[in-house]
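Visitor: I would like the atomic coordinates for the input below:
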Amino acid sequence: MAQYDVDQVVRGAVADTLGVTDLAAADLDASLVDDLGLESLDLVDILFRIERALPVRLPLDWLSELLQGAVRDEEFCTENGVVTDSGLDRLAAHLPQLQAGRWSGRLRVEHIPSLVTVRNLIELLRWYGVDLLDYHRGALSARRLRVLIEHLPREASLVRAVHGDDASWGLTEHLIATAVDQLTTANWQFAVVHATEGSSTPDRPPPIPRPGVADATPDSATPDQLAAFFTQR
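Guide: Below is the predicted model of the structure:
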């Protein structure tokens, strides 16, 4: 949904439901229930407003199913409705502000919505707003599904699961690493060329490790070859 301003849509939906002009940036970390005072029917209204603004389908159980994921009910919570440690780990994957250790044995299922912030809702919708059941309903083509998967952001869980550490590196990180490597190599070459006769030359600095690259050290001349090149007339 890169062509849509998900941030603005969600903030607008929450603001309209609250009856305020707009939400300040600081309000993004405010919980929907405890801080903003939203009730269960208010959440229904927010999801309805989002559906009208974005090409998504958000059933009433969208948020709860997304947060629980594939974790079975008996693994997610106890018979008394207390979220297990496995359930807390699952929640923490989508609610980064959740301190699992603090809530161990204390968080009840019905209290989960009180932990969800406006920012959480924005991120969940940005990455997971598409209902994959639409593929089986015929509303989502195989081509469209493939495009969505191929263009998932590198922070997405699927990308991290498939590519591992490679997912944490984008074009910017590779360009910065290359620039740093070039600078340190140039400094090393300068030190080698201007070293006094008979003194030991420093070792070539190793390149910045890159995910998926076993050895990024390029083929280069030896210190003696460099010295001979720079002193030739």
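
Visitor: how's this protein carved up into domains?
Guide: 6-131, 139-164, 171-231 (automatic domain parsing).

Visitor: Report how many residues lie close to the nearest residue to Asp29 once chain neighbours are set aside.
Guide: In this structure, Asp29 finds its nearest non-sequential neighbour in Thr117, 5.3 Å apart by CB to CB, 6 or more residues apart in numbering. Heads up, the C-betas are built off the backbone N, CA and C, glycines and all. By other CB atoms under 10 Å, 21 other residues sit near Thr117.

Visitor: Comparing the domains of the chain by mean pLDDT, which bottoms out?
Guide: Of all the domains of the chain, mean pLDDT reaches its minimum on domain 139-164 (a mean of 67).

Visitor: how distant is the helix ranked longest in the chain from the center of its chain?
Guide: The longest helix of the chain (DSSP state H) is helix 171-193. Centroid separation between helix 171-193 and its chain, computed with CA atoms, centre = their mean, to the nearest Å, is 29 Å.

Visitor: so how far is the helix or strand just after it off the chain centroid?
Guide: Following helix 171-193 in sequence order, the next helix or strand is helix 223-231 (DSSP states H and E). With CA atoms, centre = their mean as the basis, helix 223-231 stands 47 Å off its chain's centre.

Visitor: who touches helix 223-231?
Guide: The contact list for helix 223-231 (CB atoms under 8 Å, 6 or more residues apart in numbering) reads Gln189, Val192, Val193, Thr201, Ala221.

Visitor: Serialize these to a markdown table and add fields for neighbour count and distance to Gly101.
Guide: Shown next, in a markdown table, are these (neighbours: other CB atoms under 10 Å; distance: CB to CB, whole Å):
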| residue | neighbour count | distance to Gly101 |
| --- | --- | --- |
| Gln189 | 17 | 50 |
| Val192 | 19 | 52 |
| Val193 | 14 | 56 |
| Thr201 | 15 | 52 |
| Ala221 | 12 | 54 |
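
Visitor: Distance to Leu67 for these - can I get that in TSV?
Guide: As requested, the contacts of helix 223-231 are arranged in TSV below (distance: CB to CB, whole Å):
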residue	distance to Leu67
Gln189	54
Val192	57
Val193	60
Thr201	58
Ala221	57
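
Visitor: re the thing from before, of the domains of the chain, flag the one that's most buried.
Guide: domain 6-131 (a mean of 16; mean count of other CB atoms under 10 Å).

Visitor: Val10 and Ser31, how far apart?
Guide: Using CB to CB, to the nearest Å, Val10 is found at 14 Å from Ser31.
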